[in-house]
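Trainee: Sequence first, then the predicted structure, then my questions.
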Amino acid sequence: MNIEWTIKKFDALSVNELYALLRLRSEVFVVEQNCVFLDMDDKDQVCWHLLGWKEEKLVAATRLVPPGVFYEQPSIGRVVSSPSVRGLGVGRMLMEKSITETYRLFNRQPLKIGAQVYLKKFYSSLGFLQTGEIYLEDGIEHVEMLLL
């Protein structure tokens with residue numbers, strides 16, 4: 001699958017890129033997962049945003065979080081792929097690219113994520129190890145995981 005990847009700091013996102021990003025996150029996290037929560041948490045502004053475009057449509061994104069914002073370690077969050085590309089390997093490409101870019105931006109060091117429990121096997125396949133107990137975040141079971 002041909003995905004065009006871009007990475008930008010929040011302030012460098014165009015209005016249209018920001019709209020596409022927030023729309024995709026809302027489509028998946030709020031509508032599809034039926035989870036009412038405030039996605040705009042005042043953390044996006046200090047993060048880098050990895051965007052995956054297919055034919056000018058945003059189909060995948062993550063935010064790359066500097067150390068000290070959520071955890072001591074850098075983190076990858078708001079991992080999202082469009083339902084239109086599910087099952088095509090885009091999620092794996094997105095995470096592999098996110099890991100590479102996080103290492104590039106923040107030097108190679110352990111990465112910590114808060115993963116939805118149903119995706120634990122996926123993240124484990126990328127090398128992440130469970131480091132904590134299951135907890136609820138916005139009504140969805142999560143678990144902390146670390147990539148050494």
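Mentor: Ah, there it is.
Trainee: Only C-alpha atoms from now on, for both contacts and neighbour counts.
Mentor: OK.
Trainee: can I assume G132 sits in a strand?
Mentor: No: the assignment for G132 by DSSP: H, G, I helix; E, B strand; the rest coil gives coil, which leaves it out of any strand.
Trainee: How many residues are close by the spatially closest residue to H49 that is not a sequence neighbour?
Mentor: Distance criterion C-alpha to C-alpha, 6 or more residues apart in numbering; nearest residue to H49, sequence neighbours excluded, is R63 at 4.5 Å. Using other C-alpha atoms under 10 Å, the number of residues around R63 comes to 25.
Trainee: Same question for K8.
Mentor: A total of 15 residues lie near K8 under the criterion other C-alpha under 10 Å.
Trainee: just checking, it touches G52?
Mentor: No: taking C-alpha atoms under 8 Å as the contact criterion, K8 and G52 are not neighbours in contact, 11.6 Å apart.
Trainee: State the phi and psi torsions of the nearest residue to V69 once chain neighbours are set aside.
Mentor: In space, and not counting its chain neighbours, V69 is closest to K43: 7.6 Å by C-alpha to C-alpha, 6+ apart. The phi and psi values for K43, taken as degrees, to the nearest 10, are phi -110, psi -30.
Trainee: and K43, how many residues sit next to it?
Mentor: 13.
Trainee: ok, it to L64 distance?
Mentor: Distance check for K43 against L64: by C-alpha to C-alpha, to the nearest Å, it reads 10 Å.
Trainee: how distant is the lowest-mean-pLDDT helix or strand in the chain from the center of its chain?
Mentor: The helix or strand of the chain with the lowest confidence, counting by mean pLDDT, DSSP states H and E, is strand 135-137 at a mean of 92. Relative to the centre of its chain, strand 135-137 is centred 17 Å away, using C-alpha atoms, centre = their mean, to the nearest Å.
Trainee: Could you spell out the sheet neighbours of that strand, each with its direction?
Mentor: Applying DSSP bridges, strand 135-137 is found paired with strand 140-147 (antiparallel).
Trainee: Now do the buried residues in stretch 77-93.
Mentor: With burial defined by 16 or more other C-alpha atoms under 10 Å, the residues of stretch 77-93 counted as buried are G77, R78, V79, V80, S81, S82, V90, G91.
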